[in-house]
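sequence? don't have it. structure:
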């Protein structure tokens with residue numbers, strides 16, 4: 001299990017691969033697949049998987065294996081986060 005401690009100013013949280021991510025409406029977005037210095041890579045879907053690159057600044061709270069965002073699941077799904085951020089694409093391509 002990968003564990004990442006992230007310090008966001010006054011807030012300091014620990015994220016784990018496998019944590020469940022929810023919108024502020026308590027609807028599940030998906031599970032953490034990876035943690036980067038700036039994003040959570042969240043895998044959504046049961047048979048057809050889609051990765052979402054959720055900025056850490058969108059995290060509102062973390063409670064024992066559950067990560068809550070400061071926006072609803074539907075808002076998160078329509079932010080264009082299904083495309084890797086520019087710095088992630090650069091790191092993957094060299």
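Nice, thanks for sending it over. Source: prediction; values computed, not measured. Numbering: from 1, shown residues only.

give me the below-cutoff pLDDT ranges for this structure.
Scanning the chain for pLDDT under 70 picks out the ranges 1-11, 88-94.

the most centrally placed residue in it: what secondary structure?
The chain has residue 40 as the residue nearest its centroid, 3.1 Å off, counting by Cα atoms, centre = their mean. Secondary structure state of residue 40, per DSSP: H, G, I helix; E, B strand; the rest coil, is strand.

give me the distance between the closest residue to it other than its chain neighbours and residue 66.
Nearest in space to residue 40, with sequence neighbours left out and distances taken as Cβ to Cβ, 6 or more residues apart in numbering, is residue 54 at 4.6 Å. Every residue, glycine included, has its C-beta placed from N, CA and C. Distance, residue 54 to residue 66, using Cβ to Cβ, to the nearest Å: 14 Å.

what's the neighbour count on residue 66?
13 (other Cβ atoms under 10 Å).

thought it was touching residue 20?
Yes - using Cβ atoms under 8 Å, residue 66 is in contact with residue 20, at 5.4 Å.

sheet-wise, list the partners of the longest strand anywhere in the chain with their directions.
Determined from DSSP state E, the single longest strand within the chain is strand 28-35. According to DSSP bridges, strand 28-35 forms sheet pairs with strand 20-22 (antiparallel), strand 39-44 (antiparallel).

can I get the ones you listed in a markdown table with distance to residue 86?
Converted to a markdown table, these look like this (distance: least, Cβ to Cβ, whole Å):
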| stretch | distance to residue 86 |
| --- | --- |
| strand 20-22 | 22 |
| strand 39-44 | 12 |
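
which of those strands sits most buried?
strand 39-44 (a mean of 21; mean count of other Cβ atoms under 10 Å).

got a list of contacts for that strand?
15, 21, 29-35, 49-56, 59, 67, 77, 85, 88 (Cβ atoms under 8 Å, 6 or more residues apart in numbering).
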